[in-house]
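In: Sequence below, structure please.
(chains A and B)
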Amino acid sequence: MKKKTKMSKITKVNLIILSILFIFSMIPLIMTFMTAVIPEGDLFNITKEKTLLDFELSKFFLKTKMKTIGTFDYDIFEENDKKFITVDIKEKNTGISSFARDLDINYLRHFELEINPNKKLNNILIGLKDIDGKYQIVSYKINTKPNEWQKVKLELNPEDFGEVDTKHTAEIQVLFDEKIKVSMDNVILKYKFPTFMNFKTVWEENDFGRYMLNSTIISISVVLGNLIFCSLVAYPFARKDFKGKEILFMIVLATYMIPPQIKVIPIFILMQKLNWIDTYQALIMPTLVTPFGIFLMRQYFEQLPRELDQAAYVDGANDFQIFTKVIMPLSGPALAVLGINSFIASWNDLYMPLVLTTSKEMRTVQVGLAMFQKINGVKWPLIMAASAIVGIPVIIAFLFFQKKIIAGITDGALKG
Amino acid sequence: MLSKTKKRWSIFLFLSPWIISFLVFELYPLIFSVYISFTEYSGLNPQKIFVGFSNYIKAFSDEVFLIALRNTFIFVILTIPFTIGIALILAILLNNKNLPGRNFFKAGFFLPSVISMVVISMMWLYLYSADGLFIKLGTMMGFDLPARSFLASPDSALMSIMFMDVWAAFGYYVIFIFAGLQNIPEALYEAARIDGASSWKIATKVTLPMIKPTLFFVISINTIRSFQIFSEIYTMTGGGPRNSTQTIVHYLYEVSFKKFQLGYGSAISYILFIIIMIFTIIQKRALRSDY
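Out: Have a look, this model is predicted:
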């Protein structure tokens, strides 16, 4: 009894140490996903709202942030410590315009401003102008009381603005369609949080969709190639006797040991001569048959019972038939290990795609991500969303095929 | 007789994918890069001028290459004890049948090893940045830290990348060492316990000698991988600031594919190959002398 409590004490200490290191392992991953859903700013300084206009600024500075539309008749007033703008609306579509620079409307939960009309106001018009100058006005019904400051919240639906590129809005205009004298203050953008827009932006605007396609094509081809070719090559190594078998297999193992960097320059020159730079085949061909795969499949084939081939041989099957009808159908587990491990290796490779691609269209996700950060500097939410997109396929693969992946690294390792 | 040649044919057909791939993507590159390492060859100009050993001599008088060499050795020598040390401790802790959630921990530690180095570099670029966790926490705790990334200073950049690499790598080796520990027969522990050995004695006299081959193996693959670090350098610092994170493979990349000095690049790649060979042989010897 006494011994048992002592054991559990040790277990408890183990558990604490393991948990601390586990958290240490997870923190960067968790922070990545948390930062990816932030609209703007960073994890310690999340921008949930941004003031587009308040009127505390001097008129000179104000002019760099806004202009009036349809009239020049406006004034800045100050009342009870509150500075605001008053515009005299005499005709339709008159109001103020705020320079949004390069604002993505899709990130907004709503658009908010304080308003004080001198009579009841039923409609407020929002005009958006994108960086190409395309322009659209949408009317919103509002319910306001006259001569009173009140907050107006508008949900801007990007689809209502038709042709306008709402991802790159240059101006947001607040306009009116009745004769009215209206005061306005605190024009505020409220952001969605958490938001999945970063993923969409990265995917659509920054070519990550294309990178994913490239990486998928390359990885799937490499996986299929490895499954077929490594099995083919492993078959005689495991099941046949022929002259030079030992030496050939030693060569296979030796190529495992050669640092890949040494082969890159000649492969680059070869691809240049073949005119294959910037093509899928340049990235697929060199990894179609890997020593890792041959080794793994040979080990598996060797422990399948010999009687199977002999029975098939007696029935008149040739080697190819034995391979396809007898050996391969039994090799599911080993093929799964090989498939998932070649997928991860191919997906994660940076060096070869970096050297063998030159155009943006042919980049793989790893090259795309590395380049993306070099351009975007410290836009952490976007960079983390891009990192998450690149990381998610392997994380999902890991969650599903954890045992196969681990089996691959322990079985495929050449001990000693 | 006919059937024998037929049999040979079929074996040849089975092996042909590897034979083609070996000739084109292994043997040819290996030989061709020796050849161009003795020439002055720029990818832009097809003229190859034979220069003998001068590319190799050039490397050892090239200041940046020597810095890269030094940084790579620092990296290898300082990260391996931590990576393997942490992995060993964790594997021993996990090797306890009463421990709840063993597979969960194992999977969690292993997860970073399946994520690409580029993604991991991005995560840590953020953690190390002026807006990142370390500086924010440090400032909160009252340290007077400059508001700039750890990677921006030549004094801390290499150390920061090494710390990240230990984080990224140890889980991979936990798997190997754990598998090694599982292979130790239970009977050995029982015999030791019957003889009245303390748990410290058991750890040092039974466990450690039994997993020594695994440890050597793990150290040697970690050494080879550490000599080849590239992705993290390329994405995080580009070798800077002031070459403080320049490594052999990153310099090899810069020489070959930015300056297109393919002859010199090949010489550097062979120097790397030779260094790795020497290390592998030393480690093999060390292993053999013990058994």
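
In: roughly how far apart are A:T364 and B:I20?
Out: For A:T364, the distance to B:I20 equals 24 Å [Cβ to Cβ, to the nearest Å]. In short, each C-beta sits where N, CA and C put it, glycine included.

In: Between those two, tell me which one has more neighbours.
Out: A:T364 (29 against 14; other Cβ atoms under 10 Å in any protein chain shown).

In: I'd guessed that one sits against A:Y211; true?
Out: Yes. Counting by Cβ atoms under 8 Å, A:Y211 is a contact partner of A:T364 at 6.1 Å.

In: contacts for the lowest-mean-pLDDT helix or strand in chain A?
Out: When the helices and strands of chain A are compared on mean pLDDT, DSSP states H and E, helix A:59-62 comes out lowest with a mean of 78. Contacts to helix A:59-62, defined as Cβ atoms under 8 Å, 6 or more residues apart in numbering or on different chains, come from residues A:55, A:76.

In: Quick one: name whatever helix or strand follows that helix.
Out: Once the chain leaves helix A:59-62, the next helix or strand it forms, by DSSP states H and E, is strand A:66-69.

In: Need the residues that contact that following strand.
Out: Contacts for strand A:66-69 (Cβ under 8 Å, 6+ apart): A:53, A:74, A:87, A:93-99, A:127, A:173, A:175.

In: Same check on stretch B:186-201?
Out: With contacts defined as Cβ under 8 Å, 6+ apart, stretch B:186-201 is touched by B:202, B:205-206, B:210.

In: let's see 6 Å
Out: Residues outside stretch B:186-201 that contact it (Cβ atoms under 6 Å, 6 or more residues apart in numbering or on different chains): B:202, B:206.

In: That one - what's its average pLDDT?
Out: The pLDDT scores in stretch B:186-201 average 85.

In: Buried residues, it. List them.
Out: For stretch B:186-201, the neighbour count (16 or more other Cβ atoms under 10 Å in any protein chain shown) marks B:189, B:192, B:197 as buried.

In: Show me the contacts of strand A:66-69 that map onto strands.
Out: A:53, A:74, A:87, A:94-99, A:127, A:173, A:175 (DSSP state E).

In: Could you find the lowest-pLDDT member of the residues you listed?
Out: Least confident of those in the model: A:Y74, at 82.

In: Run through the strands of the chain in chain order.
Out: In the absence of a named chain, chain A is used. Listed in chain order, the strands of chain A (DSSP E) span A:41-42, A:45-46, A:49-53, A:66-69, A:74-79, A:82-89, A:94-103, A:108-117, A:123-130, A:135-141, A:150-154, A:169-176, A:180-191.

In: wrong chain, I was asking about chain B
Out: So, for chain B - with DSSP E - the strands run B:39-42, B:45-50.

In: Direction included, what does the longest one pair against?
Out: In other words, strand B:45-50. strand B:39-42 (antiparallel) (DSSP bridges).

In: Check what contacts the partner strand and list those residues.
Out: Contacts of strand B:39-42 (Cβ under 6 Å, 6+ apart): B:48-51, B:260, B:262-263.

In: Repeat that for stretch B:135-154.
Out: Here stretch B:135-154 makes contact (Cβ under 6 Å, 6+ apart) with A:44, B:128-130, B:156-157, B:160, B:236-237, B:241-242, B:244.

In: and if you look at stretch A:353-369?
Out: Residues outside stretch A:353-369 that contact it (Cβ under 6 Å, 6+ apart) are A:211-212, A:214-215, A:264, A:268, A:271, A:278, A:282-283, A:350, A:386, A:390, B:116, B:118, B:257.

In: Then stretch A:75-89?
Out: Here stretch A:75-89 makes contact (Cβ under 6 Å, 6+ apart) with A:55-56, A:73-74, A:176, A:180-185.

In: if you set the cut-off to 7 Å instead, what comes out?
Out: Residues outside stretch A:75-89 that contact it (Cβ atoms under 7 Å, 6 or more residues apart in numbering or on different chains): A:55-56, A:59, A:68, A:71, A:73-74, A:95-96, A:176, A:179-185.

In: What of stretch A:340-347?
Out: So stretch A:340-347 is in contact with A:215, A:218-219, A:222-223, A:226, A:287, A:290, A:293, A:393-394, A:397, A:401, A:404-405, A:408, A:412, B:114, going by Cβ under 7 Å, 6+ apart.

In: And for stretch A:385-400?
Out: Residues contacting stretch A:385-400 (Cβ under 7 Å, 6+ apart): A:32-33, A:36, A:198-199, A:202-203, A:208, A:340, A:343-344, A:347-348, A:365-366, A:369, A:372, A:405, B:111, B:114-116, B:119, B:122-123.
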